[in-house]
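S.K.: Kindly generate the corresponding structure for this input.
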Amino acid sequence: MLGSYLKHIPLSVTTQALLLGLTVGLVTYYTFGKKKYKLPPGPWSLPLLGNILDMNSSIPLYRTLLSWRKTYGPAITIYMGPIRCVVLNDAETVNEALVKKGADYAGRFQTYSMGYISSGFKDIIFSDVTPVWKQLRKIALQGLRQYLYGSKLEEKVFDSTSKVMRRLKEEEGKPIDVEKYIGLLVCNLLHGVCFNKSFDIDDKLFLELMDMFESINEIGNGFWEDVIPPLRKFPTSKFTRITTKFGIFLDFIRSEFQTHKASFSEDDMKDFMDYLIHARRQAAIEDPEIENIITDTHLVHTCSDIFSAGIDTTRQTINWTILLLVAYPEIQTKVQAELDKVLDAGQAPTLNDRERLPYTEAVLHESMRLCPVAPLGLPHSTRCDTTIGEYEIPKGTMVLINYWALHNDPENWKDPEIFSPERLLDTDGKLAPKTMSWLAFSAGRRNCLGETIARPEMHLILAILLRNFTFRCPEGKTLDLTPRGNLAFLAQKAAIIAEERK
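M.R.: Here you go, the predicted structure:
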């Protein structure tokens, strides 16, 4: 039986023979050599391959996992090759793991591909919980608050939206790739924060960065290299292609870092990169060893995390929201009516108007519920032997949170497949308190670093765009809102018309 499955793997006969031997060893080890735990139940898995063939199904994994909940319960054990993974599929188990036992589940499960693109886990996103990780996260959060908060956030949003709106007005009446324009808007916002610079829509580097983000998001079911070690010596074309594109992005960050380092002045700090250099120097005054602990590579990857995560999640969320408003024009009209009621003629939205625009906020939150851009998030890891409900979870177990399942749980959401912002408002028309069934930014020690900035940022961007434009399909065209990707949640490419509101 194993032979029939091995043919699905693009390997030589020699490598397949090595894998067969490895399988026998693993089966023996897992059968006789390991402590037995009362793991959550799950579907039957193949030796070595695990449930990988299920993951290659045309049905996205996050949907499959929710359907398995009916059979196995909210906590499910699956295998990604030989890697054991526990998936949490409802609000109660997620709350237990991320909040009540947050320290137990705060680890980051580290794969070969993650280590490769992070230069050995010298970043924040892929690093496990260590003193260096805590220091980098603290520095990054302080830097974001200094350069992307309050009036500075407003200034950056106004600058980036103004440039894009001029472009949209030039293209009025013509179908455009709205995702590209949203990408420019968000990219320039982070480009300004990190490096005090700006792109135009035809800049070669901007287009390369957008192509890189598209490649990263189309990883699909992951890399064979993460579960089949011999492939690390002979990587697949997919691994080579995606890591090469990410390497171009890192070269861009490294170049900016070297430029900032050479011209750095304590009296003239212009951006987030300057702040990272400053923060390390200040820490080194108290502890000279800090420069050996937090290296240039750490600072490059910290900036890379802020730049890439800040751009990709925000641009996808705004893009999905625009597409949903095109598909539901009556909701777009309600948002614009709220904006027109709250704001005077010719007045632009500001951060101070956010509380007076609850329906606009509800639209954004409902978009994030219906279209979570990272439906399974990034893998956690247990830092000790722990439990979930009645089950035992060994130390070092990969743990995935099925955010899509939380956001589409029929026990918590009526007609979850329907786009209905009203569901998120209370009886007074204000945004209702957030629950564990809505976790667009995760929770606990691994929650999104920039949540307190991203929420007002995206609200302001959406308010400015809808204050100035109405988005619609070209005549005779309809939108396909079916997401692309198995592990990602990507919007289909769409041509949209942006009409200036008079």
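S.K.: quick one: residue 388 and residue 39 touch, right?
M.R.: No. Counting by C-beta atoms under 8 Å, residue 388 stays clear of residue 39, with 9.8 Å between them. Bear in mind the C-beta positions are built from the backbone N, C-alpha and C, glycine included.
S.K.: what touches both of these two?
M.R.: By the contact definition C-beta atoms under 8 Å, 6 or more residues apart in numbering, residue 388 and residue 39 are jointly contacted by residue 86.
S.K.: Comparing the two, which residue is more hemmed in?
M.R.: residue 388 (24 against 17; other C-beta atoms under 10 Å).
S.K.: If we ignore the residues flanking it in sequence, what's nearest that one?
M.R.: Among residues not flanking residue 388 along the chain, residue 75 sits closest, at 5.1 Å (C-beta to C-beta, 6 or more residues apart in numbering).
S.K.: partner residues bridging that neighbour?
M.R.: The partner list for residue 75 in beta bridges (DSSP bridges) reads residue 88.
S.K.: and it, how far is that from residue 316?
M.R.: 28 Å (C-beta to C-beta, to the nearest Å).
S.K.: Just give the number of residues close to the residue nearest to residue 388.
M.R.: 26.
S.K.: Touching, it and residue 391? I think so.
M.R.: Yes. Using C-beta under 8 Å, residue 75 is in contact with residue 391, at 6.0 Å.
S.K.: Buried ones in the helix or strand containing residue 255, by neighbour count?
M.R.: Assigned by DSSP states H and E, residue 255 belongs to helix 237-263. Buried residues in helix 237-263, counting neighbours by 16 or more other C-beta atoms under 10 Å, are found at 238-239, 242-243, 245-246, 249-250, 252-254, 256-257, 260.
S.K.: got a list of what residue 148 touches?
M.R.: 156, 193, 272, 450, 453, 457.
S.K.: Show me which of those is closest to residue 177.
M.R.: residue 457 (22.3 Å; C-beta to C-beta).
S.K.: orientation of the helix ranked longest in the chain relative to helix 237-263 in degrees?
M.R.: Across the chain, the longest stretch assigned as helix under DSSP state H is helix 296-327. Counting by axes from the mean of the first three to the mean of the last three C-alpha atoms, to 10 degrees, helix 296-327 lies at 120 degrees to helix 237-263.
S.K.: Give me the residue ranges of the stretch 1-150 of the chain where confidence is low.
M.R.: 1-35 (pLDDT under 70).
S.K.: which residues of it fall in helices?
M.R.: 2-6, 13-32, 52-55, 61-72, 91-95, 112-117, 131-147 (DSSP state H, counting those that start in this stretch).
S.K.: re the thing from before, so of the contacts of residue 148, which two are at opposite extremes in space?
M.R.: It's 272 and 457 that sit farthest apart of the contacts of residue 148, by C-beta to C-beta, at 14.4 Å.
S.K.: Leaving out chain neighbours, which residue sits closest to residue 261?
M.R.: Counting by C-beta to C-beta, 6+ apart, the residue nearest residue 261 is residue 277, at 6.0 Å.
S.K.: In which helix or strand does the one you found reside?
M.R.: Per DSSP H and E: helix 272-286 holds residue 277.
S.K.: How far off centre is the helix or strand following that helix?
M.R.: Next helix or strand after helix 272-286 toward the C-terminus (DSSP H and E): helix 290-293. Relative to its chain's centre, helix 290-293 lies at 29 Å (C-alpha atoms, centre = their mean, to the nearest Å).
S.K.: Quick one: mean pLDDT over helix 290-293.
M.R.: Regarding helix 290-293, the rounded mean pLDDT is 86.
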